[in-house]
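In: how does the following fold in three dimensions:
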Amino acid sequence: MKAHPLKTLALVSLLTAGANVATAENFKPTTLKVMGTFPTSTTFLFHEKPFWTETIPEMAGGNVEVVLTNTTELGLKGPEIFRLMKLGVLDFGTGVLSYTAGDDPEAEAIDLAGLSLDASTLREITQAYRPTLEALYAEKYGIKALAFYPAHAQVFWCAEPLSGLGDLKGKKVRVFNTSMADFVEGVGGTPVNIPFAEVVPSLQRKVVDCAVTGALTGNKSKWTEVTTHMYPMPMGWAVYLHGVSRKTWDSIEPNLQSLISEQVAMLEDNIWKAADEETRQGVSCSTGGTPCTIGDKAALTLVPVSAEDAQAHRELMENVVLKRWAQRCGEDCVADWNAKVGKILNLTASEQ
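Out: As a prediction, this is how the structure comes out:
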């Protein structure tokens, strides 16, 4: 089977950078329990899986065994991941930040629907807001944040004809966080929260008319078999937190902590670099275009984002999504966001 080029590049760079680590350090025999994200997601397939099952064991000279599972294998839907890490049920884990937005509005602060239209902008605001997120998950969930990284642009997949943003009015749309629900309501649609594993049958049974997920994740998960139209308006990037319970981290020997920290930082960098390319390929593969080297060729109708829709998109983000989020987050939270994120985007969040 031909190797995925982004995966190959990531693996080579990680192994090269750490080539001297395994020979320079003697690692004690250790078993790490790691839970990645959904098994059909490109984040898991192209990045997390090879990193934890190949890179880390090899760099530790074979002394570290990683037992890797994923969200679906453990029967999880996603939102419960951070709470299970807090309880000590999970050691290392990956979860979508915005899954906890109902309890922690700060969790979706960097990935509000429509906020970032490209990965470079998202990365800049993620770095600026990172201290707030690290403190939140440390204090509330007992998690040491190791990395924050995106999937790729989250777009609309529809099993009904669609010609533009206005056609979402009256449609039932699968979303997976609060700000996406705000956006869909703003355009006149009905948001429906359905776990990722249940989306395909929900589209087949007409429980929903459209659904939002990553451009390449949907392709690799066979959403092309149950949809007819793709509308590539970015609804966010599904930013993940990859972390470890503080109790587990404190039990790991210092040299292994250093190895993991250094190499996860490189993994994080590689995933950020891949985000835009995976978005482009997800769209082109799913709609019969080129290039298509990492996805599965399909023939969905590509619905272009018009200039009018782009303007409406921004207005919905500013006047509905951002305002509702500010009301949920409160005065101090909004002031922090304005100083760190709003300053970069030239936006001001307000509860009014």
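
In: tell me the secondary structure for residue 314?
Out: Under the three-state scheme (DSSP: H, G, I helix; E, B strand; the rest coil), residue 314 adopts helix.

In: roughly how far apart are it and residue 114?
Out: 7 Å (C-beta to C-beta, to the nearest Å). For glycine as for every other residue, the C-beta is placed from the backbone atoms N, C-alpha and C.

In: same check, this time on residue 235
Out: For residue 235, the distance to residue 114 - C-beta to C-beta - is 7 Å.

In: who has more neighbours out of those two?
Out: The residue with more neighbours, out of residue 235 and residue 114, is residue 235; 29 against 24, by other C-beta atoms under 10 Å.

In: which residues are in contact with the more buried one?
Out: Applying C-beta atoms under 8 Å, 6 or more residues apart in numbering, we find residue 235 in contact with 113, 114, 153, 154, 155, 156, 175, 180, 183, 212.

In: likewise for residue 143?
Out: Going by C-beta under 8 Å, 6+ apart, the list of residues near residue 143 reads 82, 85, 86, 137, 241, 243, 244, 245, 246.

In: list just the nearest of the residues you listed to residue 333.
Out: residue 137 (15.1 Å; C-beta to C-beta).

In: now do the shared contacts for residue 235 and residue 114.
Out: residue 183.

In: show me where the stretch 101-250 of the chain has strands.
Out: Taking DSSP state E, counting those that start in this stretch as the test, the strands found in the stretch 101-250 of the chain are 143-149, 154-158, 172-175, 190-193, 210-214, 229-231, 240-245.

In: redo these as a markdown table? Include mean pLDDT and distance to residue 93.
Out: Listed next are the strands of the stretch 101-250 of the chain as a markdown table, based on pLDDT from 0 to 100; distance: least, C-beta to C-beta, whole Å:
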| stretch | mean pLDDT | distance to residue 93 |
| --- | --- | --- |
| strand 143-149 | 97 | 8 |
| strand 154-158 | 97 | 21 |
| strand 172-175 | 98 | 23 |
| strand 190-193 | 97 | 21 |
| strand 210-214 | 97 | 19 |
| strand 229-231 | 98 | 31 |
| strand 240-245 | 96 | 7 |
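
In: point out where this structure drops to low pLDDT.
Out: 1-25 (pLDDT under 70).

In: which helices and strands sit right next to the longest helix seen in it?
Out: Counting by DSSP state H, the longest helix found in the chain is helix 254-286. Applying 3 or more C-beta pairs under 8 Å, 6 or more residues apart in numbering; DSSP states H and E, one finds that helix 254-286 contacts helix 5-17, helix 56-59, helix 119-141, strand 143-149, strand 210-214, helix 215-220.

In: out of those, flag the one nearest residue 266.
Out: helix 5-17 (5.5 Å).

In: who's in contact with the residue positioned nearest the centre of the chain?
Out: By C-alpha atoms, centre = their mean, the chain has its centre lying nearest to residue 238, at 2.9 Å. By C-beta under 8 Å, 6+ apart, the residues touching residue 238 are 96, 98, 111, 150, 151, 152, 154, 176, 213, 214.

In: how far away is the closest residue to it other than its chain neighbours from residue 217?
Out: Excluding the flanking residues, the one nearest residue 238 by C-beta to C-beta, 6 or more residues apart in numbering is residue 151, at 4.1 Å. As for residue 151, its distance to residue 217 is 6 Å (criterion: C-beta to C-beta).

In: joint contacts of these two?
Out: Counting by C-beta under 8 Å, 6+ apart, the residues touching both residue 151 and residue 217 are 41, 42, 43.

In: appreciated, that's everything.
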